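A.B. asks: Predicted model and sequence below, questions to follow.
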Amino acid sequence: MADMKVIPFMAHRKIAAVISGLVLLGCTVSLTLNGLQFGLDFTGGTQLEIGFERPVDLVQVRSTLDQQSLRNYSVVHFGTDVDVLIRMQGALKDIGVQQVADRLQELGIDTRVVLDSRGINTDQYAERLLLGAAPGLAENLQQVFPVAQYGSIYSEAADDGGLYVFLKTSIDEIVTREIIAALGQAVQQQAELRRSEFVGPQVGEELRDDGGLGLLFALAVVMVYVAMRFQLKFSIGAVAALAHDVIFVVGVFSLMHFDFDLTVLAAVLAVIGYPLNDTIVVSDRIRENFRKVRKSTPQEIIDISLTQTLGRTLVTSLTTLLVLTALFLVGGELIRGFSTALIIGVIVGTYSSVYVVPNVLLAMNISKEDLMLPEKEGAELEEV
């Protein structure tokens, strides 16, 4: 070790601790104020799979959906370049009601729009909308419900002075048909609905709760394993590093308003497992050097251990980042969140294995006595 140039990592540990504290504080504030922008997997919503005759440009598809007043949606190729998957938050009925409300606002009519289909004759009508009382409403019904989109409609006065509008076609079908027609016209080819399904918010809530429990369970298992494999102080350092990494990744998604879906949750769970491998290697070298190096302080021994493992840490992280970067660039939008979360997790995990775990060990006054091997009974007699 005399010939090796030791890098003084721990000389800057206080600066690193301040930086980590400020970053975690910012992430926590963002999570508290902004929360996470949960994707369709957690909030519930609608998925439409639409097939085309020839490959289509997703930019053109998104531009067309913007003109349809759709919000909070994502568009990706599904399997091939001629299949497109559209994911929208909310049910198609909610989207259709919002479109009616937007048309009323454009005409200067400020009133409520409520879907109220209770007690209607389903053999004659599929849906009934309740519009609040407003001047000029009855005269502009044909502009609010164009015949080309809704077909024939029927209206009658409501008890509160508003207006009931009866539709022969369900709003789901109207919105779907309008989206397909607009896309077909935009790309100048035939568009066909392959699949339409709704993910309920109850399912999304269960997934969110199960994912949170999975994160806590993973942290608990890691803490128990490291405590049994090494020592309690190493266990606390490893869990602190993993919590640091998870909060950082989730905080970045909150700050940048990225969609948080099941693929991102899977990446966060992988972030718990991946940096742990490097943490175990660093911890094992620290323990080994505490037992081998006799005339050095704990800070010097940790610097020696980090210097010895630095090459392995950088090579492992860089090769992983090369694969993740390729996934981010050419993997498509469907796994973009997954690759983004893992790229952030690998970078911050490399940092935490160098500065967070050793920092915690020094803060807890790690010493040679903590890592000495227990002497066997009768060892002195055996030496004699």
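C.D. replies: Great, that's in hand. Numbering: from 1, shown residues only.

A.B. asks: Low-confidence regions, the stretch 201-350 of the chain specifically.
C.D. replies: In the predicted model, the stretch 201-350 of the chain carries pLDDT under 70 at residues 201-205, 207-208.

A.B. asks: how about the strands of it, start to end?
C.D. replies: Taking DSSP state E, counting those that start in this stretch as the test, the strands found in the stretch 201-350 of the chain are 259-260.

A.B. asks: Assumed residue 76 was part of a strand.
C.D. replies: Yes - counting by DSSP: H, G, I helix; E, B strand; the rest coil, one finds residue 76 located in a strand.

A.B. asks: Was I right to think it contacts residue 336?
C.D. replies: No - look at residue 76 against residue 336 with CB atoms under 8 Å: they stay out of range, at 9.0 Å. (C-beta placed from N, C-alpha, C; glycine too.)

A.B. asks: more neighbours, those two?
C.D. replies: residue 336 (19 against 16; other CB atoms under 10 Å).

A.B. asks: Grab the nearest non-local neighbour of the more buried one.
C.D. replies: Leaving aside its sequence neighbours, residue 336 sits nearest to residue 328 (CB to CB, 6 or more residues apart in numbering; 6.5 Å).

A.B. asks: Can you tell me the number of residues neighbouring the one you found?
C.D. replies: Using other CB under 10 Å, residue 328 has 18 neighbouring residues.

A.B. asks: Domain map for the protein?
C.D. replies: Following the assignment in automatic domain parsing, the chain carries domains at 9-38+202-371, 43-87+173-199, 92-170.

A.B. asks: For the residue nearest the centre of the chain, list the residues it contacts.
C.D. replies: The chain has residue 260 as the residue nearest its centroid, 2.2 Å off, counting by CA atoms, centre = their mean. By CB atoms under 8 Å, 6 or more residues apart in numbering, the contact set of residue 260 is 36-39, 42, 250, 253, 337.

A.B. asks: ok, residue 230 touching residue 290?
C.D. replies: No - taking contacts as CB under 8 Å, residue 230 lies outside contact range of residue 290: 10.9 Å.

A.B. asks: In terms of neighbours, single out the busier of those two.
C.D. replies: Legend: neighbour count by other CB under 10 Å for residue 230 and residue 290, higher for residue 290 (22 against 19).

A.B. asks: Surely that one and residue 361 touch.
C.D. replies: No - assessed by CB under 8 Å, residue 290 is found out of contact with residue 361, at 10.0 Å.

A.B. asks: tell me, what's touching the two both at once?
C.D. replies: With CB under 8 Å, 6+ apart, residue 290 and residue 361 have common neighbours residue 298.

A.B. asks: Could I get the contacting residues of the residue nearest to residue 336?
C.D. replies: By CB under 8 Å, 6+ apart, the contact set of residue 328 is 336, 339-340, 343.

A.B. asks: Closest to residue 14 out of the contacts of residue 260?
C.D. replies: residue 250 (25.9 Å; CB to CB).

A.B. asks: State the number of residues packed around the closest one.
C.D. replies: Neighbours of residue 250 under the rule other CB under 10 Å: 23.

A.B. asks: I'd assumed residue 31 was in contact with it.
C.D. replies: Yes - checked against CB under 8 Å, the pair residue 250 and residue 31 is within contact range at 6.6 Å.
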